[in-house]
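Asks: Sequence first, predicted model second:
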Amino acid sequence: MSRQAVRTTAGKVLRSDDLIADEKEVAARFLKANPAFGNPYVVRCDWCRETRTLFRDENEGPFTLTAHGWLCEPCDVRASSQEVKF
């Protein structure tokens with residue numbers, strides 16, 4: 001299990017997609033075993049509609065983490081985010 005697998009599961013949970021047997025529980029166990037990661041966030045720019053699933057310590061283009069959340073750099077707009085809890 002890795003951060004990428006947790007990201008994928010978080011996206012499925014948020015979209016109510018079908019999960020593989022125990023997929024949510026496996027992701028929850030991984031996060032409990034690695035509390036420094038925290039829960040993933042789905043980050044979305046309301047201007048360009050770009051979406052990523054990120055952890056609080058990650059910057060991934062086009063999003064940069066600021067003191068007040070993520071910023072979509074190409075649009076220079078504060079991105080909205082939603083925490084995905086397992």
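Replies: Thanks, I have the structure now.
Asks: Between the two ends of stretch 37-57, what distance do you get?
Replies: 8 Å (CA to CA, to the nearest Å).
Asks: distance between that stretch and the chain's centre?
Replies: 5 Å (CA atoms, centre = their mean, to the nearest Å).
Asks: in the one helix or strand Ala28 maps to, what counts as buried?
Replies: When secondary structure is defined by DSSP states H and E, Ala28 falls within helix 23-33. Along helix 23-33, these residues count as buried under the neighbour rule (16 or more other CB atoms under 10 Å): 26-28, 30-31. In short, each C-beta sits where N, CA and C put it, glycine included.
Asks: The helix or strand following that helix packs against which elements?
Replies: Remark: after helix 23-33, the chain's next helix or strand is strand 41-44, criterion DSSP H and E. When contacts are defined as 3 or more CB pairs under 8 Å, 6 or more residues apart in numbering; DSSP states H and E, strand 41-44 sits against helix 3-15, strand 51-54, strand 80-83.
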